[in-house]
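# got a structure for you, letters missing:
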């Protein structure tokens, strides 16, 4: 069983509920929507990501013989139900908001319309895929806003939560506007530009720091970025100044130096001065070490002469808010709208559409959440992406999603761009949707 | 290329450094150690987990032909170096602290002794594997301390950061003492007990809540836990009281009810009373919804009549501290100890051992960090686990690690068990280790 694609990568209750649906013959059309319930206090907007992986998952949803064998032997399920599972495929429709789009709470990012068991089964993994990349793209977009014009590289693989998190964080953050990633596998898998410098171990393994610099430059003449904080940052910068002209004679250009500890702004200023006075004004300064959007903003505010950043742990774990309050909920079954009313977790029922309105300057003005049948003149955000179990169009390229992300970030009004001051974006709820909600509540009170 | 096992799941600089080592013929024995630099403010102890996955990774480290082809075509590496990579295997030794053991900052959890390029190459993925599970086991152990005697189930798959995070969180939290997980695939992969109830969609899809309860019970007669908060928790509890005797006539026992929203203590008290007064004192109460160790402790303090908990997002993302400040650092090369001195990131050099001392009551008293050659009479925590590229013993079972975890938790003194009050555990540094450090600093000052 493949740990990443197995249909058993789900919560047990999906299977137990499916047995219930099967025994009751509950196979009518269900509509589920995935949405974020509430904006985290640390975010003013979210950015959709993960749709491509979600659709791949939905399209290929099936039980392998090894999985069926395990289900049949685990002692919880009946044989006829296991037979039924063996034929289960996704035959429904999917609507979604495309990747790179800026979104807000209660807006369905994805809607599944399918026979109830199919739509139910995919809940856990679908949430797992959409939640993570949307969270990371939203965090990465804040870094992009904090450091316009800077080279920003995802450095987070080692502290990402596992292999898939590392790869999908590289994808989601590139989509949101980062320059690239250090994670090699993201290049062959997603075509993302990769970047790398050197580690302290390379310097330490050499007896002498200057030798380490020289050997690294000779081994990677096209990509010479030297790590200068292993022992003493400013002293190492002076070694670079001595070394650079000698390497130039070999035809090797020192492109940059990297700082990875201490007061980044202070070191950057001193190092910039040492490099400039040593005739190395072409050498750029790259910094890493606990960088996030707040650090980026502070360094920009301090005018620190840093040209690029490695953003690691804080990005790949979305450290200040490592989860979103999101859900995939049943909104309609057998043609009738449904509503969950649990305290603090109530949902807007029915099949919904989101319309977006911009002001005269092109900035986002407000969104309208309404029923799909209530057609309006704004920009509809949800589009059909799968029909009868198949994608309607081939997958979008990452460049297309990235372009959309850049366009949407440019349309954010100043209040929403603020990284520290919370501002709510108006998501209006239509009268039609409110009326349906009231109607369902009245009915449930009688049930 | 397999997204979970590919050797390209690494940082680019590992490959660029390897080319440097290759060109300089730097193949002498290197010693790297993985350790946590600083205790997060929210933790008093850490628990080792992830060693089994780390050793599997090390043992199977190699470049496939597809990976070599990609490296050769990416334009950054020379052909002879690619040839060299094709033959690269791990031939070294590994020492480690076993899984389930409680550990503290600066203690090497794992030590790799191997030719420099081999030991260097594995850094990124090794950190990725050991960091995540150690973080999760440490979080889970706190939940276990907060709720002694309760059934605790990992519910976090959907908001874990990707597939691997979900599976390894199930593993690490079971190792630390949870009762099991809701993630199905953790059963066939790791033999972890799985648990499941029902979701709101099951109730909503039925026109009537009582019908939903009945149908679920009939479909899963051996595992009837009914979710009662979809519309009105107390009213649903009364429906359970009505239904239970009728199901009993069919031979079906209602095992429990689940609360998933609102004031869990308040609802639990009311529901307990409704169940008891209705002759259903055998029905247990299970609760979920934003549960973590703090909530568990508060509910225990309030005497909430809850028998078991689903712990989801906060566990699988280690939400209050989603990363550890950890590193894998070169401590010796070519027989000479090495030390990184970067500000705030300096390391203790050399091959090290940790000795543990307990007090007369069997509680942890203090640890001693010293050089491997400085043999002491305490309990040594690091043991040889791989020799010449192969595991010395077959992998430990999860039950063995889990037993060790329980034993270590029982040995924690009261101060370290405190979930809200920070307490430092004494990790002493031997005179020998301090002397070596001073000696290296003096030498580096001259270099």
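Yes, it's here. All values reported here derive from a predicted model rather than from experimental measurement. Numbers count the residues shown, from 1 in each chain, chains lettered A, B, ... in the order given.
# At which residues are the strands of the stretch 51-200 of chain A located?
In the stretch 51-200 of chain A, the segments counted as strands under DSSP state E, counting those that start in this stretch are A:93-96, A:102-103, A:110-115, A:151-154, A:180-181.
# Ok, the stretch 201-350 of chain A next?
Ranges of strands in the stretch 201-350 of chain A, per DSSP E, counting those that start in this stretch, are A:224-227, A:254-259, A:284-287, A:308-311, A:325-333, A:336-337.
# Tell me how chain A divides into domains.
Domain ranges of chain A: A:12-136+A:322-446, A:148-316, per automatic domain parsing.
# Throw the ones you listed into TSV and include mean pLDDT, thanks.
Formatted as TSV, the domains of chain A follow (pLDDT from 0 to 100):
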stretch	mean pLDDT
domain A:12-136+A:322-446	96
domain A:148-316	97
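# closest one to residue B:385 among the ones you listed?
domain A:148-316 (21.1 Å; Cβ to Cβ). Heads up, the C-betas are built off the backbone N, CA and C, glycines and all.
# how far does the closest one sit from the chain's center?
Put simply, domain A:148-316 sits 23 Å off its chain's centre (Cα atoms, centre = their mean, to the nearest Å).
# can you check stretch A:8-20 too?
Averaging C-alpha positions (Cα atoms, centre = their mean) puts stretch A:8-20 27 Å from its chain's average.
# hmm, back to that, can you list the strands of the stretch 201-350 of chain A in a markdown table and add mean neighbour count and distance to residue B:411?
Formatted as a markdown table, those follow (neighbours: other Cβ atoms under 10 Å in any protein chain shown; distance: least, Cβ to Cβ, whole Å):
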| stretch | mean neighbour count | distance to residue B:411 |
| --- | --- | --- |
| strand A:224-227 | 26 | 41 |
| strand A:254-259 | 22 | 42 |
| strand A:284-287 | 23 | 43 |
| strand A:308-311 | 24 | 40 |
| strand A:325-333 | 23 | 38 |
| strand A:336-337 | 16 | 56 |
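# Redo the domains of chain A as a markdown table? Include distance to residue B:250.
Output for those, formatted as a markdown table (distance: least, Cβ to Cβ, whole Å):
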| stretch | distance to residue B:250 |
| --- | --- |
| domain A:12-136+A:322-446 | 14 |
| domain A:148-316 | 43 |
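# does the helix or strand encompassing residue A:401 come close to chain B?
Using DSSP states H and E, residue A:401 sits in helix A:398-410. No: Helix A:398-410 lies apart from chain B when judged by Cβ under 8 Å from any Cβ of the partner chain; the minimum separation is 15.9 Å.
# If you count contacts, what does that helix end up packed against?
Counting contacts by 3 or more Cβ pairs under 8 Å, 6 or more residues apart in numbering or on different chains; DSSP states H and E, helix A:398-410 is packed against helix A:123-146, helix A:163-175.
# Which elements pack onto the last one?
When contacts are defined as 3+ Cβ pairs under 8 Å, 6+ apart, helix A:163-175 packs onto helix A:123-146, strand A:151-154, strand A:180-181, helix A:186-190, helix A:313-316, helix A:398-410, helix B:123-146, helix B:163-175.
# and residue A:161, what is it in contact with?
A:316-317, B:132, B:160-162, B:164-165, B:169, B:317, B:322 (Cβ atoms under 8 Å, 6 or more residues apart in numbering or on different chains).
# ok, now with 10 Å
Residue A:161 makes contacts with A:132, A:169, A:316-317, A:322, B:128, B:131-133, B:135-136, B:160-162, B:164-166, B:168-169, B:316-318, B:322-323, as judged by Cβ atoms under 10 Å, 6 or more residues apart in numbering or on different chains.
# Could I get the phi/psi values of whichever residue of the stretch 1-150 of chain A sits closest to chain B?
Residue of the stretch 1-150 of chain A nearest chain B, by Cβ to the nearest Cβ: residue A:12 (2.9 Å). Backbone geometry at residue A:12, expressed as degrees, to the nearest 10, gives phi -50, psi -40.
# Does it touch residue B:170 like I think?
No: shown here, residue A:12 and residue B:170 do not form a contact pair, counting by Cβ atoms under 10 Å, at 11.4 Å.
# got any residues that touch both of these two?
With Cβ under 10 Å, 6+ apart, residue A:12 and residue B:170 have common neighbours B:153, B:157, B:180-184, B:186-187, B:194.
# ok, residue A:12 and residue B:170, which is more surrounded?
With neighbours defined as other Cβ atoms under 10 Å in any protein chain shown, residue A:12 and residue B:170 compare such that residue B:170 has more, 31 against 26.
# wait, what's in contact with the residue lying closest to residue A:230 once chain neighbours are set aside?
In this structure, residue A:230 finds its nearest non-sequential neighbour in residue A:203, 4.2 Å apart by Cβ to Cβ, 6 or more residues apart in numbering or on different chains. Residue A:203 is in contact with A:209-213, A:216, A:226-231, A:236, B:330, B:338, B:340, counting by Cβ under 10 Å, 6+ apart.
# Out of the residues you listed, which end up buried?
A:209-210, A:212-213, A:216, A:226-231, A:236, B:330, B:338, B:340 (16 or more other Cβ atoms under 10 Å in any protein chain shown).
# Among these, which ones are in helices?
The helices, defined by DSSP state H, take in A:209-210, A:212-213, A:216, A:236 from the buried ones among the contacts of residue A:203.
# which of the residues you listed are close to chain B?
Contacts with chain B within these, counted by Cβ under 10 Å from any Cβ of the partner chain: A:209-210, A:212, A:216.
# So for chain A, the centremost residue is which one?
Centroid-nearest residue in chain A, with Cα atoms, centre = their mean: residue A:133, separated by 2.5 Å.
# from memory that residue sits against residue A:190, does it?
No: assessed by Cβ under 10 Å, residue A:133 is found out of contact with residue A:190, at 11.7 Å.
# List the contacts of the nearest residue to residue A:311 once chain neighbours are set aside.
Of all residues not flanking residue A:311 in the chain, residue A:291 sits nearest, at 4.8 Å (Cβ to Cβ, 6+ apart). By Cβ under 10 Å, 6+ apart, the contact set of residue A:291 is A:143, A:146-147, A:152, A:155, A:264, A:299, A:306, A:309-315.
# from those, which is closest to residue B:118?
residue A:155 (22.9 Å).
# Neighbours of the closest one, how many?
Residue A:155, neighbours per other Cβ under 10 Å, totals 26.
# Just read off the phi/psi values of it.
phi -110, psi 20.
# residues in contact with it?
Applying Cβ under 10 Å, 6+ apart, we find residue A:155 in contact with A:181-183, A:195-197, A:260, A:288-289, A:291, A:309-313, A:315-316, B:11, B:13.
# re the thing from before, of the buried ones among the contacts of residue A:203, closest to residue B:22?
residue A:216 (12.2 Å).
# just checking, the closest one touches residue A:258?
No: contact criterion Cβ under 10 Å: residue A:216 and residue A:258 do not qualify, at 11.4 Å.
# shared neighbours, these two?
Counting by Cβ under 10 Å, 6+ apart, the residues touching both residue A:216 and residue A:258 are A:197-198, A:225-227, B:13.
# Quick check, residue A:297 in contact with residue A:304.
No: taking contacts as Cβ under 10 Å, residue A:297 lies outside contact range of residue A:304: 11.2 Å.
# Compare the two and say which one has the larger neighbour count.
In this view residue A:297 and residue A:304 are compared by other Cβ under 10 Å, and residue A:304 has more residues nearby, 21 against 17.
# which non-adjacent residue is nearest that one?
Spatial nearest neighbour of residue A:304, chain neighbours left out: residue A:265 (3.8 Å); criterion: Cβ to Cβ, 6+ apart.
# My read is that the one you found contacts residue A:298, right?
Yes: the criterion here is Cβ under 10 Å, and residue A:265 meets it with residue A:298 at 7.9 Å.
# Mutual contacts of the two, please.
The contact sets of residue A:265 and residue A:298 overlap at residue A:304 (Cβ under 10 Å, 6+ apart).
# sorry, back to before: how about the residue of the stretch 1-150 of chain A closest to chain B, what does it touch?
Neighbours of residue A:12 in contact, by Cβ under 10 Å, 6+ apart: A:74, A:76, A:124, B:153, B:157, B:180-184, B:186-187, B:194-197, B:220, B:223.
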